[in-house]
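here's my sequence, what's the structure:
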Amino acid sequence: MSDIVPRQGPLTDVRVLEIGGIGPTPFAGMLLADMGADVLRIERSAAAAVVPADDPTRRGRQSIALDLKSAGGREALLELSEHADALIEGFRPGVMERLGIGPDDIRARNPRLVYGRMTGYGQEGPMSQVAGHDINYISVAGVLGASRRTGERPMFALNLVGDYGGGAMFLSFGVVCGILEARRSGQGQTVDAAMVDGAALLTSLVYALRGVGLWGEDAGGNLLDSGAHFYEVYATSDGGHVAVGALEPQFYARLLELLELPAEEMPQFDRARWPEFKQRLTAVFAGRTAGAWGELLEGEEACATVVRGIWDTPQHPHMAARGTFVDVGGASQPGPAPRFSRTAPAARPPQHDPDAALEHWGLDGPARERLRATGALL
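Residues are numbered from 1 along each chain as shown. Predicted coordinates for the structure are as follows:
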């Protein structure tokens, strides 16, 4: 049976069922679909199944709406699971079991299926049933407490660390790992992707630095948390900013050379003088516009770049040259990553054609009509 829209990428032989939700689960579905996986998103209402092309987190897959609280809807999902390599969902622990479509129910129909579960606090533990969002998960994981300048409140990086970095990325990675193992063993398993676990794992470098005495208990006074003058953001004369990340000595030396500052007066790792050096760099960067600093620094081995707004990024010469942003259904959005030399991934618009999608997944005309007759197909 041919695809509704041809897919390309390294996962074209992978089939995934995605139970509709918000946050990291649809992002994980996007990642898998971008890589060529055949992803069918199951929504809980007909309205939610129709999505505009300018939502990147919903691109690349087909969608249908099933009433999973009905016997017919549950049976349809179980039948679809017979054709899937994996299923991903993002409900609180126990919700899918109560519906009769938990891991044991699904694997009774398809023992090879990998069941990916996305939660904030995990499938067990004292907080497993507690509601939360990215900001809560990264606070429990220790990330938020470490993300602050001295004397200031902790600041979160949008919802990128918990939802996407610690959540969706690990869910999609875990699902692909599970599929590879299932193809060897013939047995599926459950992937417990908890955002608190993933976010905590992302702090591994901090633990490594602490282990060798390069990270202290004082938030805002360390190498990567704004303590160092050579890893900091500085304001420019026109209200812009420059990000400096000159960690290695050779890059720091080149930065000072370009800023016309004597290296002997600013020894890089004289930690006691970091606040003094930061004041000096603050005064220097305040003397020119962001554009002027960009022209001077961005092409040099100084690890210094202008801070650009999110909507300005597609026009950056480097991003434009790489084609980092792509057009999907007339909307500009970040394109698939990473890139492959032979099996190139591609971003495709979302599709909503329930009959075509169900036929593609093995449900024939009479089966679809039965779903409609019982109201299970919304």
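
give me phi/psi at the nearest residue to Pro56 once chain neighbours are set aside?
Spatial nearest neighbour of Pro56, excluding adjacent residues (C-beta to C-beta, 6 or more residues apart in numbering): Gln333 at 4.2 Å. All C-beta atoms are positioned from the backbone trio N, CA, C, and that covers glycine. Main-chain dihedrals, Gln333, degrees, to the nearest 10: phi -160, psi 160.

what about Gln333, distance to Asp327?
8 Å (C-beta to C-beta, to the nearest Å).

more neighbours: which of these two?
Each of Gln333 and Asp327 has its neighbours counted (other C-beta atoms under 10 Å); Gln333 has more, 17 against 11.

list the contacts of that one.
Gln333 is in contact with 54, 56, 59, 325-326, 347, counting by C-beta atoms under 8 Å, 6 or more residues apart in numbering.

and the residue nearest to Pro56, how far is that from Arg58?
11 Å.

do Pro366 as well
Computed as C-beta to C-beta, the Pro366 to Arg58 distance reads 30 Å.

compare those two (neighbour count), which wins?
Neighbours per residue (other C-beta under 10 Å) separate Pro366 from Arg58, with Arg58 holding more: 24 against 8.

which residues touch that one?
26, 29-30, 41, 51, 350.

any buried residues in the helix or strand of the chain with the lowest mean pLDDT, and which?
Lowest by mean pLDDT, DSSP states H and E among the helices and strands of the chain is helix 46-49, with a mean of 88. Burial within helix 46-49, assessed by neighbour count using 16 or more other C-beta atoms under 10 Å, is assigned to Ala49.

downstream neighbour of that helix in the secondary structure list?
Sequence-wise, the next helix or strand downstream of helix 46-49 (DSSP states H and E) is strand 62-65.

contacts for that following strand next, please.
Outside strand 62-65, the residues that reach it (C-beta under 8 Å, 6+ apart) are 4, 20, 39-46, 48-51, 350-354, 356-358, 360, 377-378.

which of those residues count as buried?
20, 39-44, 49, 51, 350-352, 354, 357-358, 360, 377-378.

what residue ranges in the protein score low on pLDDT?
Applying pLDDT under 70 to the chain flags residues 1-5.

let me see the domain layout of it.
Using automatic domain parsing, the domain parsing of the chain gives 15-202+331-374, 231-317.

quick one: the shortest one to chain centroid distance?
So the one you mean is domain 231-317. Mean C-alpha position of domain 231-317 versus that of the full chain (C-alpha atoms, centre = their mean, to the nearest Å) differs by 28 Å.

ok, Asp55 - contacts?
Pro350.

measure it to Gly29 for me?
Computed as C-beta to C-beta, the Asp55 to Gly29 distance reads 12 Å.

then Leu80?
Leu80 is 15 Å from Gly29, by C-beta to C-beta.

compare those two (neighbour count), which wins?
Gly29 (30 against 24).

not counting sequence-adjacent ones, nearest residue to Asp238?
Thr289 (4.3 Å).

give me the neighbour count for the one you found.
14.

quick one: residues contacting it.
Contacts for Thr289 (C-beta under 8 Å, 6+ apart) come out as 236-238, 240.

redo those as CSV? Include secondary structure.
Output for the contacts of Thr289, formatted as CSV (DSSP: H, G, I helix; E, B strand; the rest coil):
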residue, secondary structure
Thr236, coil
Ser237, coil
Asp238, coil
Gly240, coil
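
state the pair within those residues that is farthest apart.
Greatest spatial distance among the contacts of Thr289 (C-beta to C-beta): Ser237 and Gly240, at 8.3 Å.

on that earlier part again, could I have the buried ones of the contacts of Thr289 as ChimeraX selection syntax?
To isolate the buried members of the contacts of Thr289 in ChimeraX, using 16+ other C-beta under 10 Å:
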select :236,240
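
save the contacts of Thr289 as CSV, and put in distance to Leu214 too.
Compiled in CSV, the contacts of Thr289 are given as follows (distance: C-beta to C-beta, whole Å):
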residue, distance to Leu214
Thr236, 30
Ser237, 34
Asp238, 35
Gly240, 31
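
excluding chain neighbours, what is closest to Val284?
Counting by C-beta to C-beta, 6+ apart, the residue nearest Val284 is Leu259, at 5.4 Å.

I'd say that neighbour and Gly287 touch.
No - look at Leu259 against Gly287 with C-beta atoms under 8 Å: they stay out of range, at 9.8 Å.

okay, those two: which has more neighbours?
Leu259 (19 against 11).
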